[in-house]
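Engineer: just need the structure, nothing else, for what follows:
(one chain, ligands or ions: 1)
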Amino acid sequence: MKGIFYGLGVGPGDPDLLTVKAHKILQSADVIITPTKKMGKPSIAYRIVESHITDHTRVVEMSFPMISLSAERETLEKQWKENADEIEKILEEGKSVVFLTLGDPMVFSTYSYVMEYLLERGVEVVTLSGVPSFCNLAAQINVPLTQGEESLGIVAMTQPIEEIQQILDAHRNIVIMKVSADNKRLAEELEKRGLENSFVLVSNIGMENQSMIRDIEVLKGDIPYLSTLLIKKDYDITL
Ligand SMILES: C[S@@+](CC[C@H](N)C(=O)[O-])C[C@H]1O[C@@H](n2cnc3c(N)ncnc32)[C@H](O)[C@@H]1O
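Structural biologist: Numbering: from 1, shown residues only. Now for the predicted structure:
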């Protein structure tokens with residue numbers, strides 16, 4: 001009998017944010033897949049859960065290159081399929097496989113592509129929610145993402161600028177992910193709309209080097225990859 005494939009969200013940074021369910025699955029897993037952009041360099045997701053993993057669990061590193069989905073879809077799809085093949089082989093040995101994901105597995109995650117390949121092949125898949133980065137951002141600063149009838153727009157800076165502009169105009173509350181993909185342009189779009197005092201950028205949420213920025217000029221400089229920005233048009237963000 002094939003093993004079960006688990007997609008496990010580890011949260012954005014603080015190991016204590018791991019769910020009890022995720023902890024239990026990590027303790028009983030036969031194999032843990034840690035996706036990495038550079039082989040030999042432990043992924044952030046792995047470092048977050050390291051203390052929850054028992055010595056007898058096999059940890060397998062799997063390469064997921066950080067290249068643009070729109071520009072190099074074919075290369076990425078080939079890699080995802082090869083990784084899904086490798087995972088399927090382990091599952092066929094009857095072993096359970098846990099795939100680690102930063103934040104939540106269903107929010108901008110390569111896990112979702114591998115999951116789709118495996119579902120097509122009839123594999124039993126169980127996805128375990130993790131705390132998404134933007135939810136923990138709001139919690140850290142005690143600012144609600146939405147209240148009452150409000151909407152929330154979520155977009156990544158890797159999307160075409162027209163799409164980002166539409167989201168910026170359509171919602172009162174907006175989460176921008178993958179900010180470092182074009183933070184300078186984002187700063188310009190905020191200035192154009194008079195929103196230069198209505199945002200907070202949080203980098204490395206839940207980690208030792210977490211930082212918060214509210215200065216539009218700083219947003220134009222170098223910022224870490226793990227950065228998420230919250231815009232609140234009708235709410236005073238006081239840190
Ligand atoms: C590939 S996506 C992963 C999203 C993740 N699945 C989630 O639920 O948050 C990477 C983006 O998530 C956000 N992110 C993830 N972890 C973060 C952290 N610890 N601090 C700030 N942003 C984070 C950033 O916007 C980053 O560019």
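Engineer: okay, buried residues for the helix or strand harbouring E61 please.
Structural biologist: Per DSSP states H and E, E61 falls inside strand 58-63. Buried residues in strand 58-63, counting neighbours by 16 or more other C-beta atoms under 10 Å, are found at 61-62. Yep, even glycine has a C-beta here, placed from its N, CA and C like the rest.
Engineer: in its sheet, which strands sit next to that strand, and in what direction?
Structural biologist: strand 31-36 (parallel) (DSSP bridges).
Engineer: residues contacting the strand it pairs with, please?
Structural biologist: With C-beta atoms under 8 Å, 6 or more residues apart in numbering as the contact definition, strand 31-36 has outside contacts at 26, 42-43, 45-46, 53, 57-64, 87, 90, 95-101, 110-111.
Engineer: how far out from the middle of the chain is that strand?
Structural biologist: 15 Å (C-alpha atoms, centre = their mean, to the nearest Å).
Engineer: restricting to C-alpha, output it in CSV.
Structural biologist: The C-alpha trace of strand 31-36 is given here as CSV (Å, rounded to 0.1, in the frame of the first residue of the first chain):
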residue,chain,number,x,y,z
VAL,A,31,10.6,10.8,5.3
ILE,A,32,10.7,14.5,5.4
ILE,A,33,11.2,16.5,2.2
THR,A,34,12.9,19.8,2.7
PRO,A,35,12.6,21.9,-0.5
THR,A,36,15.6,24.1,-1.1
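Engineer: mind listing what's buried along the next helix or strand after that strand?
Structural biologist: Counting by DSSP H and E, the next helix or strand C-terminal to strand 31-36 is helix 44-49. For helix 44-49, the neighbour count (16+ other C-beta under 10 Å) marks 44-46, 48-49 as buried.
Engineer: now helix 44-49: mean pLDDT?
Structural biologist: What helix 44-49 shows for mean pLDDT is 95.
Engineer: is it anywhere near the ligand?
Structural biologist: No - figure legend: helix 44-49 not in contact with the ligand (C-beta under 6 Å from any ligand atom); closest approach 7.6 Å.
Engineer: next one: E82 from V59, what distance?
Structural biologist: 19 Å (C-beta to C-beta, to the nearest Å).
Engineer: biggest helix in this structure by residues?
Structural biologist: Criterion DSSP state H: the longest helix present in the chain is helix 73-92.
Engineer: L195 contacts K233, correct?
Structural biologist: Yes - the criterion here is C-beta atoms under 8 Å, and L195 meets it with K233 at 7.0 Å.
Engineer: list the contacts of the residue of the chain most remote from its centre.
Structural biologist: Distance from the centre of the chain peaks at M1, with 31.7 Å (C-alpha atoms, centre = their mean). For M1, the residues meeting the contact criterion (C-beta under 8 Å, 6+ apart) are G94.
Engineer: and stretch 189-202, C-alpha only, in PDB?
Structural biologist: Extracted C-alpha coordinates of stretch 189-202, given in PDB (Å, rounded to 0.1, in the frame of the first residue of the first chain):
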ATOM      1  CA  GLU A 189       2.600  53.200  -6.600                       C
ATOM      2  CA  LEU A 190       2.000  54.000  -2.900                       C
ATOM      3  CA  GLU A 191       3.200  57.600  -3.300                       C
ATOM      4  CA  LYS A 192       1.000  58.100  -6.300                       C
ATOM      5  CA  ARG A 193      -2.000  57.100  -4.200                       C
ATOM      6  CA  GLY A 194      -1.000  59.100  -1.100                       C
ATOM      7  CA  LEU A 195      -0.500  55.900   0.800                       C
ATOM      8  CA  GLU A 196       3.100  56.600   1.900                       C
ATOM      9  CA  ASN A 197       2.000  56.700   5.600                       C
ATOM     10  CA  SER A 198      -0.600  53.900   5.400                       C
ATOM     11  CA  PHE A 199       1.700  50.800   5.200                       C
ATOM     12  CA  VAL A 200       4.000  48.600   7.300                       C
ATOM     13  CA  LEU A 201       6.600  46.300   5.900                       C
ATOM     14  CA  VAL A 202       7.600  43.400   8.100                       C
END
